[in-house]
Every structure is written in C-alpha cells, then in structure tokens.
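Enquirer: Give me a 3D structure for the following:
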Amino acid sequence: MKEPNQHIAQLLMQFHGIDVSPFDETFLEKSIQKRIAEINCLTPEDYYAFLRKNKKEGTRFLHSLFICYSEFFRNALTFGVLEHIVLPALIAKKLNSKQKEIRIWSAACAAGHEAYSLAMLLEELKNGNADKFSYRIFATDQSQAQIKEAQKGHYSDAALNNINLKRLDHWFAKQGYAYAIKPELKTHINFSVFDLFNQELNAPPESIFGDFDLVICANLLFYYKPEYQKIILTKVNKCLAKGGFLMTGETERDILSKNDYNEVYLQSGIFKMKNN
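Expert: Below is the predicted model of the structure:
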C-alpha cells in the first residue's frame, strides 16, 4: 500500500478503532481514493487531516467498505445451471434419502435479491407440490440495515431488470413506486445478521448445525487478503454437507482453485471441494 494510505489505515485503527487489515490492498486504496473524491479533499494528506478532526468520517469510510450491491438472478449462466442441473440433482438426492430438506446459506445476502431468486427457483421446481421436497434458506449479512431491507422485500423498477414478466406477476405486488415480494415467498427464508469473521461460529446460529447443500458466497472473497479469504472458506468447508456446492462470483474462480475447490460446471462459478 502506498505510504500516505498506510498512514490513513493506521489512523483509522488508532483514532476510529477500525481495523482495515483484512481488506485487499488494491480495494482499500480504491476505497480511500473514492472517499477523497467524494468529500473534495485534494490529497491523501488532506484526507488524513480530515479524519483526525471528523469522527463521523471513520464510520462513513467503514460503511463504504461493505459493498451492498446485488440484483436478482445476477449471473444468467450461474442461475441457469442452478435451475436446470444443481437444484434438480439436490431434489433427487433428497427424495432418495431420509433428510428431505434442502438447506442453503446465502452469505453476504445484502438486500435479499439472491435469497429471493433462489426461493423463486425452488418454488417453481416444486410446481405446487408441497410434498415433493422442503427447503430452508438462511440469508445473512453483517449489516443490520441490509437485513432489514431484505426482510421488507421492497424493490424499485430498476432492481427488476432480470425478472421476466411471468415471475414479476407471480412473485411481486406493485405498491406505489415499488414492487413488494409476496409474503408466501418469504416463508422458507430466515434473514439474520452474521459476521463471517466471528471466531466462535462457523454458520448462522439459526441454522443450528449447518450441513448446507449449497452455500452462496458470491462477489465477496476478492475484497479480502488471501489469509482472510481462507478464514471464510474454512467456515464454508466445515458447514457444507457431503457433496455440497459452493457458488461464488465469476471473478473469484482463481481463489477457489487455490483453495482445493473444483468448478463442477465450466464457467458456472459453482464449485465442490476436492475429495468431497
């Protein structure tokens, strides 16, 4: 990290109590430059001086590090593989076992787009047959504000670009200028706050024993240094069921290959642990 930015990182820790050491240095430098531009500072040194005088800026900078962008069915190929290959395979597996519930963890779920996308797919695969299989989605984020938004389930027109008209009509209700997720889609989703760097827990407490058939940790790992990526993946390893899948962002393929995962479907961003 460039020297002025190192001083800023030290000040964030010493004066604001904010530890930025887990974050990838390139990402951290871009975040600092973004805040410098947003508050019209001319140089990193000016921003350093501003940080010393302004306690609230430390909180604002911290919030800027947690990217809360998401969208429904964010990657068409990935969700296509989920819909036509992965989820049907999990359903068939459950039908032939004593454990009938499909268990999914959507880590870093932001405002809930990902969890609701999964619920839509699973409900459509049930095709109205409630006895076919059951499922539970545990959706977590470190931000209480994001979890509240997810629980509310209200979205603007712009958030629905990847939703076809059939799904829009079936799963959403127009409320003023927003679209609200219909209550029945929320039935099998549990939203909660969870810190992926929690040293005591490997999975959200609400899940009780983990044992997830699918964990989604998309577009998150590349924000962190390798040693912190390892911490997150170690948690995932411990709570994945035998033969379970991990779904990440398409840009995180190299990270997974370096951590004993194989991509099970080419370019899908869906992986399995080696020897699992």
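
Enquirer: can you pull out the helices in the stretch 1-150 of the chain?
Expert: Assigned helices in the stretch 1-150 of the chain, in chain order: 3-16, 25-38, 44-53, 55-65, 76-81, 87-95, 113-126, 144-152 (criterion: DSSP state H, counting those that start in this stretch).

Enquirer: looking at those helices, which is closest to Lys132?
Expert: Of all these, it is helix 113-126 that lies closest to Lys132, at 5.2 Å by C-beta to C-beta. Glycine gets a C-beta too; all of them are placed from N, C-alpha and C.

Enquirer: elements contacting the closest one?
Expert: If you count contacts as 3 or more C-beta pairs under 8 Å, 6 or more residues apart in numbering; DSSP states H and E, helix 113-126 packs onto helix 87-95, strand 101-106, strand 134-141, helix 165-171, strand 189-193.

Enquirer: how about CSV for the ones you listed, with distance to Leu62 added?
Expert: Listed next are those as CSV, based on distance: least, C-beta to C-beta, whole Å:
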stretch, distance to Leu62
helix 87-95, 36
strand 101-106, 23
strand 134-141, 15
helix 165-171, 34
strand 189-193, 16
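
Enquirer: Turn these into JSON lines, including mean pLDDT.
Expert: Conversion of the helices and strands packed on helix 113-126 to JSON lines gives the following (pLDDT from 0 to 100):
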{"stretch": "helix 87-95", "mean pLDDT": "91"}
{"stretch": "strand 101-106", "mean pLDDT": "96"}
{"stretch": "strand 134-141", "mean pLDDT": "96"}
{"stretch": "helix 165-171", "mean pLDDT": "96"}
{"stretch": "strand 189-193", "mean pLDDT": "97"}
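
Enquirer: Packed most tightly, which of the ones you listed would that be?
Expert: Each of the helices and strands packed on helix 113-126 was scored by mean neighbour count; the highest is strand 101-106, a mean of 24, by mean count of other C-beta atoms under 10 Å.

Enquirer: Can I get that strand in PDB? Just the C-alpha atoms.
Expert: Extracted C-alpha coordinates of strand 101-106, given in PDB (Å, rounded to 0.1, in the frame of the first residue of the first chain):
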ATOM      1  CA  GLU A 101     -34.900 -30.700   3.500                       C
ATOM      2  CA  ILE A 102     -32.600 -28.800   1.100                       C
ATOM      3  CA  ARG A 103     -30.500 -26.400   3.200                       C
ATOM      4  CA  ILE A 104     -29.000 -23.300   1.700                       C
ATOM      5  CA  TRP A 105     -26.800 -20.500   3.200                       C
ATOM      6  CA  SER A 106     -26.800 -17.200   1.300                       C
END
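
Enquirer: Note down every partner strand of it and its orientation.
Expert: Each strand paired with strand 101-106, and its direction, by DSSP bridges: strand 134-141 (parallel), strand 212-216 (parallel).
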